[in-house]
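S.K.: Provided below for reference: sequence and predicted model.
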Amino acid sequence: MNMLDKADGQIFTGNVRLVHAVGMHARPAVKLTKLAKKFQAQISVRVAGATDWINAKSVAKIMAMRAAHGSTIEIKASGSDAEAAVAALVNLITTDFPDEVS
């Protein structure tokens, strides 16, 4: 077993409180998955305490997790840009899913 391969398998995690007034409905779910898809990393999310991790790149699954206002969202990612992916998603949720300025 090559110990050097371990670095590639590193998992980055983050926790963030969902401040959006109505929780994880369609608009924030779309923004979250759109952002997640910009990264190569495999990204999963769940409401704190939930058993199952959800693919952060699936709008339907993100909406189905029914995260309520005030709940804690846990994020984990692995892959080349995993650390940046977690940081970006935490920032998106922390700043309450701002509209992108083009």
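M.R.: Alright, I've got the coordinates. Residues are numbered from 1 along each chain as shown.
S.K.: tell me how far residue 38 lies from residue 85.
M.R.: 8 Å (CB to CB, to the nearest Å). (Each C-beta comes from the backbone N, C-alpha and C, glycine too.)
S.K.: neighbour count: these two, which is higher?
M.R.: residue 85 (26 against 12; other CB atoms under 10 Å).
S.K.: so the more buried one: helix, strand or coil?
M.R.: helix (DSSP: H, G, I helix; E, B strand; the rest coil).
S.K.: for the chain, which spans come out with low pLDDT?
M.R.: Along the chain, segments meeting pLDDT under 70 span 1-9, 100-102.
S.K.: and the helices in it, which stretches?
M.R.: Per DSSP state H, the chain carries helices over the ranges 26-36, 59-64, 82-94.
S.K.: the strands in this structure, which residues?
M.R.: 11-17, 42-47, 54-55, 72-78 (DSSP state E).
S.K.: I would like the residues contacting the last one, please.
M.R.: The one in question is strand 72-78. Contact with strand 72-78 is made by 9-18, 24, 39, 41-48, 53, 56, 67, 83, 85-86, 89-90, 93, as judged by CB atoms under 8 Å, 6 or more residues apart in numbering.
S.K.: any quick ChimeraX command for the buried ones out of those residues?
M.R.: In ChimeraX, a selection of the buried entries from these looks like this (16 or more other CB atoms under 10 Å):
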select :12,14,16,18,24,39,41,42,43,44,45,46,47,56,67,85,86,89,90,93
